[in-house]
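S.K.: Model the following, please.
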Amino acid sequence: MDAIGKILIADDVEMVLRLEELFLKRLGCQVIRAKTGPEALRKIQAEKPKVVLLDLEMPEMTGDAVCKFTKSSPSTKNIVVIMVTSHGKKEDEDRCRRSGCDYFITKPIDHKELIARVEEALRK
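M.R.: Numbers count the residues shown, from 1 in each chain. The predicted structure follows:
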């Protein structure tokens with residue numbers, strides 16, 4: 001089966017990466033993984049995924065900083081960015097939105113919501 005879209009998941013927690021990867025592969029997505037902000041940014045530039053799931057708090061560079069770089073570059077600005085955070089605070093959502101993300105979801109991730117957002121993003 002051909003992949004329906006290339007997706008990068010960036011999170012510093014291995015269990016989160018594995019769970020998200022499992023659900024996204026079931027959709028038929030090609031999944032790329034990153035554990036730090038700089039690694040995510042390098043892979044975004046090199047791989048040009050259709051969708052990026054970014055954890056807000058990651059080592060070396062935060063997810064919102066990665067999102068700002070992604071959205072400010074002409075070659076990656078149309079990539080759909082879904083920010084993920086373990087905090088449901090209004091300040092965190094505002095921080096994510098200011099970075100230019102397309103969607104914002106909180107942990108623990110509702111996998112139905114995750115799949116709905118990714119499917120919506122892949123249709124764009």
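
S.K.: any idea where the helices of the chain begin and end?
M.R.: Assigned by DSSP state H, the helices in the chain fall at 14-26, 37-47, 63-72, 90-98, 111-123.

S.K.: packing partners for the second one?
M.R.: Using 3 or more C-beta pairs under 8 Å, 6 or more residues apart in numbering; DSSP states H and E as the contact test, the elements touching helix 37-47 are strand 6-10, strand 30-34, strand 51-55, helix 63-72. From N, CA and C alone the C-beta is placed, and that goes for glycine too.

S.K.: re earlier: closest to D55 out of the helices of the chain?
M.R.: Closest approach to D55 among the helices of the chain is made by helix 63-72 (5.2 Å; C-beta to C-beta).

S.K.: how far does that closest one sit from the chain's center?
M.R.: Relative to its chain's centre, helix 63-72 lies at 11 Å (C-alpha atoms, centre = their mean, to the nearest Å).

S.K.: What helices and strands are in contact with that helix?
M.R.: helix 37-47, strand 51-55, strand 80-85, helix 90-98.

S.K.: Recalculate using a threshold of 6 Å.
M.R.: Packed against helix 63-72 by the contact rule (3 or more C-beta pairs under 6 Å, 6 or more residues apart in numbering; DSSP states H and E) you find helix 37-47, strand 51-55.
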